[in-house]
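[1] quick one: sequence and predicted model below, then my questions.
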Amino acid sequence: MFLLKTAFQNIAQNKKNFFLSSFGIIIGMAIFVFFIALSSGMQNVVNEKIFDSSIHFIKIKSQTPLTEETIRELKNNELIKNIYPVQNMDMPFMVEGKILGNYFRMDAIGFGLPLEMVEKDLVEGTSFKKGDEKDAVPVVVSQEIFEIYNGSYAISHGLPKLSPALLRNYPFKIILGESFIHNSDKENKRLKAKIVGVSKNVPLGFAVPLDYVKEWREFYLNKEASEKYDQLILESANKTDLAVLKNEISKDSRFMLVTDNNERINFFIMIVTLLFLVISLIIIVISAINIMQTFYASVNTRIKEISVLRAIGATKSYIRKMILLESGIIGFFGGLIGIVIALLLGLIIDWYSNNRLPDFPYKPDTYFSYPLWLLLSAIPFAIFFCLLGAYLPARKAANLDPSFALNMQQ
């Protein structure tokens, strides 16, 4: 307790120098906590709001046809839980209808997907399967379409936002055989369609039951096109199996892995985070060097005091502990202030985003996430670098000869 009291008194006597030496620790820890929290928050947005991280998918393509035979072969792999075939709507087609009284007619992007891919996202009481000719084609829209419309298009055109509930069973038409780019030489078909859900598992565009696309491809393209798939989505039971499966597939020369936007975005976030962490680490290391210089200067000005302590019985260990305790106190308060600054910056940015910025696709309520490990490790991290910087000065102080005290009093 006496040692702690002495350490605080020494810091109070040299508070200007100690404050300047701790400034770098404060800034470095603020940057460290801020960007780790920002990275964690952005990954939460990507994995929960944009993509469904609870599903473990990889997508594969091939230069050779992907067929039912390919699926049967892959099902022998114990790492694969499910296989979902995908067919693109390669034939010319358009969509036509009205949104809030505004007529639209445009080309679109469509896919054929199996029920299992979108089943949990269907509106209650609806189905996602091929029906009779008189039945409307069930359509599941990509979540990205809603986010893009609500986040930018609706605002710039003064239109109200849409919600999946608002467009439940919304009717429109799919016009097959015609598009603004080119038309088919076969007869056009105008099919009734209705929206039965919104899903993150649908790529940018919309999806219809796979059996429809097979029929349309056979009519507008050929029989072979209806029997082959453009992609296969492989689902594993967990992330560990997914990593092993991805490694196996990448070694198979027949298949090509399709890089998901999820992986691209997370990789970009990781690279940017690492860049700023390197910057914060450089600042903290420079701060440790500055603390070393500050404590060397402090020891030089306190030679008489330290020598007197040694002369009256203070051990080398006591002197060393006193100096290191002073540096530890600086690290503790420097780390604490850095955390507070990072939290305040996060609150300010979230407030500004929620109150000043217009909506944009996937706009989050908060950009930050503060894992418990981050808050618990930040202060020990700061203390460690302060102790590292003060170690050599503390060793010098502990090795001072007590005779200095007598010489300085003469």
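    Received it, and whenever you're ready, just let me know what you need.
[2] for the residue nearest to Gly328 when sequence neighbours are not counted, give its distance to Ser327.
    Spatial nearest neighbour of Gly328, excluding adjacent residues (CB to CB, 6 or more residues apart in numbering): Ile383 at 5.2 Å. Bear in mind the C-beta positions are built from the backbone N, C-alpha and C, glycine included. Plainly put, Ile383 is 8 Å away from Ser327 if you go by CB to CB, to the nearest Å.
[3] now Gly125
    Taking CB to CB as the measure, Gly125 and Ser327 are separated by 68 Å.
[4] can you give me the strands for this protein?
    57-62, 80-88, 93-99, 102-107, 110-113, 137-142, 171-176, 189-199, 206-209, 231-236, 255-258 (DSSP state E).
[5] can you tell me the strand partners of the fifth one and which way each runs?
    Spelled out, it's strand 110-113. strand 80-88 (antiparallel), strand 206-209 (parallel) (DSSP bridges).
[6] do the last one as well
    Looking at strand 255-258 with DSSP bridges, its partner strands are strand 57-62 (antiparallel).
[7] touching the partner strand from outside, list them.
    For strand 57-62, the external contacting residues (CB atoms under 8 Å, 6 or more residues apart in numbering) are 66, 70, 86, 230-236, 242, 245-246, 249, 254-258, 260.
[8] can you pull the buried residues of that strand?
    Of all the residues in strand 57-62, those buried under the rule 16 or more other CB atoms under 10 Å are 57-60, 62.
[9] run through the residues that contact the residue nearest to the spatial centre of the chain.
    The residue lying closest to the centre of the chain (CA atoms, centre = their mean) is Gln43, at 1.7 Å. With contacts defined as CB under 8 Å, 6+ apart, Gln43 is in contact with 266, 269, 369.
[10] show me which of those residues is closest to Val33.
    Ser369 (11.6 Å; CB to CB).
[11] how far away is the closest one from Glu48?
    In this view, Ser369 and Glu48 are 10 Å apart by CB to CB.
[12] looking at the two, which has the bigger crowd around it?
    The neighbour comparison of Ser369 against Glu48 (other CB atoms under 10 Å) goes to Ser369, with 18 against 13.
[13] where does the more buried one fall, phi/psi-wise?
    Here the main-chain torsion angles of Ser369 (degrees, to the nearest 10) amount to phi -140, psi 130.
[14] so it sits against Gly41, correct?
    Yes - using CB atoms under 8 Å, Ser369 is in contact with Gly41, at 4.2 Å.
[15] excluding chain neighbours, what is closest to Ile291?
    Closest residue in space to Ile291, ignoring its immediate chain neighbours: Gly389 at 3.5 Å, by CB to CB, 6+ apart.
[16] how about low-confidence regions in the stretch 201-350 of the chain?
    Counting by pLDDT under 70, the stretch 201-350 of the chain contains low-confidence residues at 259-264.
[17] one step back: out of the strands paired with strand 110-113, which comes closest to Leu374?
    Between Leu374 and the strands paired with strand 110-113, the shortest gap by CB to CB is with strand 80-88, which sits at 33.4 Å.
[18] list the buried ones in that closest one?
    Neighbour-count burial for strand 80-88 flags 80, 83-88 (criterion: 16+ other CB under 10 Å).
[19] skip the chain neighbours and tell me the closest residue to Gln231.
    By the measure of CB to CB, 6+ apart, the closest residue to Gln231 outside its immediate chain neighbours is Val86, 4.2 Å from it.
[20] I'd say the one you found and Lys228 touch.
    No - with contact defined as CB under 8 Å, Val86 does not reach Lys228; the gap is 11.1 Å.
[21] for Leu204, the count of nearby residues, please.
    When neighbours are defined as other CB under 10 Å, Leu204 has 12 of them.
[22] so what's it up against?
    By CB under 8 Å, 6+ apart, the contact list for Leu204 reads 109, 142, 144-145.
[23] which of these are buried?
    Neighbour-count burial within those applies to 142, 144-145; the criterion is 16+ other CB under 10 Å.
[24] between those, which is closest to Trp373?
    Glu144 (32.4 Å).
[25] which pLDDT value goes with the closest one?
    In this model, Glu144 is scored at 82, pLDDT.
[26] for it, which non-adjacent residue is spatially closest?
    In this structure, Glu144 finds its nearest non-sequential neighbour in Leu204, 4.9 Å apart by CB to CB, 6+ apart.
[27] follow-up on the earlier one: just give me the closest of the contacts of Gln43 to Asn222.
    The shortest approach to Asn222 among those belongs to Asn266, at 39.4 Å (CB to CB).
[28] and the closest one, what is it in contact with?
    By CB under 8 Å, 6+ apart, the residues touching Asn266 are 43, 46-47.
[29] about what we covered before: higher neighbour count, Gly125 and Ser327?
    Comparing Gly125 with Ser327 by other CB under 10 Å, the one with more neighbours is Ser327, at 29 against 8.
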